[in-house]
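> The following block contains a protein sequence and its predicted model.
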Amino acid sequence: MNKHLLLIAALLIAAPAVHAQKANRLRGQALVDSLTAARKAHHEKFMANLQHGIDSTKAARESAKSALDDKNGFRTYHFGDDISKYSSFVKREQDGDTKYYTQPNENLKIGDATLKSISYGFYKGKLYNIFIQTSGVLDSRKVLDALTAQYGAGYQSNKYIERYYWFGNVVILSYDENSITKAANIIFSSKAISEQKEEDKKLAAKKAASDL
């Protein structure tokens with residue numbers, strides 16, 4: 001009989017602890033559920049903001065791409081123009097079907113930036129490339145700022161190198177800054193004519209190979 005009493009007494013003593021443990025487990029589970037819900041809500045909000053950012057970035061890039069393609073050149077010079085349209089141009093270099101010209105009394109300013117030079121590349125008599133040079137970090141960055149303002153942020157593969165690309169459907173633009181001198185080369189190119197030039201180069205190489 002004493003043993004039964006002792007067992008009952010032990011159970012009575014243990015019962016509050018068991019209930020307390022159960023309550024703690026329930027509170028712990030409730031906390032876990034709460035944290036899970038909070039994380040889920042945060043994740044959903046993050047993903048929504050991310051998607052909004054992606055959509056906004058995509059829209060901005062599409063707008064920049066459209067601006068680049070709509071311009072289709074630089075100032076009043078448009079890709080595909082025939083050299084006969086620019087009688088004042090002076091030929092400076094020639095390599096086969098590729099010829100580079102400059103414009104006498106050229107406006108060597110973009111905003112406050114002073115340019116070192118501007119030259120116009122023609123392939124088989126058609127304007128396909130516009131090559132702009134700057135000297136020094138101040139003028140280079142001013143031109144970069146102007147490009148970004150007009151065409152949006154360019155693609156930069158290495159954040160430590162000041163090299164950017166803008167890819168339109170018909171025009172490709174690049175900015176390449178020398179890490180030491182800070183001089184920059186800015187190149188506008190016709191995608192179609194550049195591809196034609198490259199294809200002609202490959203065909204010429206194959207033809208030359210047949211002479212080996």
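Looks like it arrived, so ask away. Residues are numbered from 1 along each chain as shown.
> in the sheet, who's paired with residue 175?
For residue 175, the beta-bridge partners under DSSP bridges are residue 164, residue 186.
> cool, and residue 126?
Here residue 126, judged by DSSP bridges, has bridge partners residue 82, residue 123.
> Residue 169 versus that one, what's the distance?
18 Å (CB to CB, to the nearest Å). Every C-beta, even on glycine, is put in place using the N, C-alpha and C of the backbone.
> Which of those two has more residues huddled nearby?
residue 126 (18 against 11; other CB atoms under 10 Å).
> show me what contacts that one?
Contacts here follow CB atoms under 8 Å, 6 or more residues apart in numbering; on that basis residue 126 touches 79, 80, 81, 82, 83, 193.
> Kindly recompute the last result at 10 Å.
79, 80, 81, 82, 83, 97, 190, 192, 193, 196, 197 (CB atoms under 10 Å, 6 or more residues apart in numbering).
> hang on, isn't the first one packed against residue 194?
This points to residue 79. Yes: under the criterion of CB atoms under 10 Å, residue 79 makes contact with residue 194 at 9.5 Å.
> Count the residues that sit near the closest residue to residue 137 other than its chain neighbours.
Closest residue to residue 137 apart from its sequence neighbours, by CB to CB, 6 or more residues apart in numbering: residue 182 at 3.7 Å. Here the number of neighbours of residue 182 (other CB under 10 Å) works out to 16.
> For residue 182, which three-state class applies?
coil (DSSP: H, G, I helix; E, B strand; the rest coil).
> can you pull the pLDDT of it?
Predicted confidence (pLDDT) for residue 182: 96.
> Now it: phi and psi?
The phi and psi torsions at residue 182 (degrees, to the nearest 10) take the values phi 70, psi 10.
> Contacts only, for it.
134, 135, 136, 137, 138, 139, 140, 141, 162.
> 7 Å instead?
Counting by CB atoms under 7 Å, 6 or more residues apart in numbering, residue 182 touches 136, 137, 140.
> By neighbours, which of those residues wins?
Going by other CB under 10 Å, residue 140 tops the contacts of residue 182 with 26 neighbours.
> hang on, that residue is in a helix, isn't it?
Yes: Residue 140: assigned to a helix according to three-state DSSP.
> Would you check that it makes contact with residue 186?
No: if you go by CB atoms under 7 Å, residue 140 and residue 186 don't touch, sitting 8.8 Å apart.
> got the contact list for the residue nearest the centre of the chain?
Closest residue to the average C-alpha location of the chain: residue 155 at 2.1 Å, with CA atoms, centre = their mean. Neighbouring residues of residue 155 by CB under 7 Å, 6+ apart: 164, 165.
> do you know how far it is from residue 166?
Counting by CB to CB, the gap from residue 155 to residue 166 is 7 Å.
> same check, this time on residue 113
18 Å.
> of those two, who's got more company?
Using other CB under 10 Å, the more surrounded residue of residue 113 and residue 166 is residue 166, with 23 against 19.
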